[in-house]
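A.B. asks: Quick one: sequence and predicted model below, then my questions.
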Amino acid sequence: MDQPDRTAPEFVPDGHGGVVVVVDDQPQSHVDLADPGHLLFEYVLHFGLVLDTLPEGQLAVTHVGGAGLTLARYLQHTRPGSPQVVLEPDAALTEAVRRELPLPRGHRIRVRPVDGRTGIAALRDASADVVVLDAYAGGRMPAELSTREFLTDVRRVLRPGGVLLANVSDEPARDHLRRWHATAAEVFPWTSAIALAEVWKRRRFGNYVVMASTHPLDELRLTRAVAGCPFPSSLRSRTELERLLAGGRAYTDDATAESPSPPPRDRWRLR
């Protein structure tokens, strides 16, 4: 698949020792080299909460989408030596991030300059404990990363009980999320999702962390972890999602769409 044209990344200091990586005029990542455990973006913190509830020890993680490699750095910090593969087609972005925000010593993070569909297809069966889907171009998730065919290939790559974590952004009407969850629910018998309370209430455009697996995760532990967030967030079970998102038709390679365009840059909020 062709890589879309992108502007050169910006590295914008946050005034507190961290850096925001901006691509296509959209904040893509926040990196704090002094404290890789500091997750500033709300949905990335939700990713981290889920990872923290998984069994102790190293995790084999495949990231679809790299940008500033924030979550890969976090996992290296919290579970040192975890083998990680990052599928990031923008080689110039990766080179700039490595130069401006060097990775820690002793890491096992390998970045492959390929798109998500190509990269996942090349991976072995049952080779990952977690697949993190956080790939955006021009602020939108590419359409080919939302289909039944792609998620079926993700399931092939996951080990039994492995989990898919996906950042799905949407407008208050939730039309994209409705179809995205319908697709995931066809492929995986267990699903759940986390978002800010104000996003669940449809007060603004926002990010949903959708979880999917062949085996249920510990929802009680997850719910407690989410309740401890520094900003109001909550978890919705599959039963709740099926009620909230009723009527969704699964995306397929023959009928799919990009996620909606995000709001202007100055309306994205950081805590």
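C.D. replies: Thanks, I have it.

A.B. asks: phi, psi of the most centrally placed residue in the chain?
C.D. replies: Centroid-nearest residue in the chain: Asp134, 3.4 Å away (criterion: C-alpha atoms, centre = their mean). Backbone geometry at Asp134, expressed as degrees, to the nearest 10, gives phi -150, psi 60.

A.B. asks: contacting residues for it?
C.D. replies: 47, 63-65, 67, 71, 166-167 (C-beta atoms under 8 Å, 6 or more residues apart in numbering). Quick note: C-beta positions are derived from backbone N, CA and C, even for glycine.

A.B. asks: for Val22, same thing?
C.D. replies: 9-12, 28, 265.

A.B. asks: May I ask which of those comes out lowest in pLDDT?
C.D. replies: Lowest pLDDT of those: Arg265, 54.

A.B. asks: Now find how far off-centre stretch 204-224 is within its chain.
C.D. replies: 12 Å (C-alpha atoms, centre = their mean, to the nearest Å).

A.B. asks: swap in stretch 223-232?
C.D. replies: Counting by C-alpha atoms, centre = their mean, stretch 223-232 is centred 18 Å from the centre of its parent chain.

A.B. asks: Do me a favour and get the end-to-end distance for it?
C.D. replies: With C-alpha to C-alpha, to the nearest Å as the measure, the ends of stretch 223-232 fall 12 Å from one another.

A.B. asks: Can you list the buried residues in that stretch?
C.D. replies: 225-226, 229 (16 or more other C-beta atoms under 10 Å).

A.B. asks: Likewise for stretch 230-240?
C.D. replies: Applying 16+ other C-beta under 10 Å to stretch 230-240 flags 233-238 as buried.

A.B. asks: Likewise for stretch 86-104?
C.D. replies: 86-90, 93-94, 96-97, 101, 103.

A.B. asks: Take those and lay them out in a markdown table including secondary structure and distance to Asp218.
C.D. replies: As requested, the buried residues of stretch 86-104 are exported to a markdown table (DSSP: H, G, I helix; E, B strand; the rest coil; distance: C-beta to C-beta, whole Å):
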| residue | secondary structure | distance to Asp218 |
| --- | --- | --- |
| Val86 | strand | 27 |
| Leu87 | strand | 28 |
| Glu88 | coil | 31 |
| Pro89 | coil | 34 |
| Asp90 | coil | 35 |
| Leu93 | helix | 35 |
| Thr94 | helix | 34 |
| Ala96 | helix | 39 |
| Val97 | helix | 33 |
| Leu101 | coil | 33 |
| Leu103 | coil | 31 |
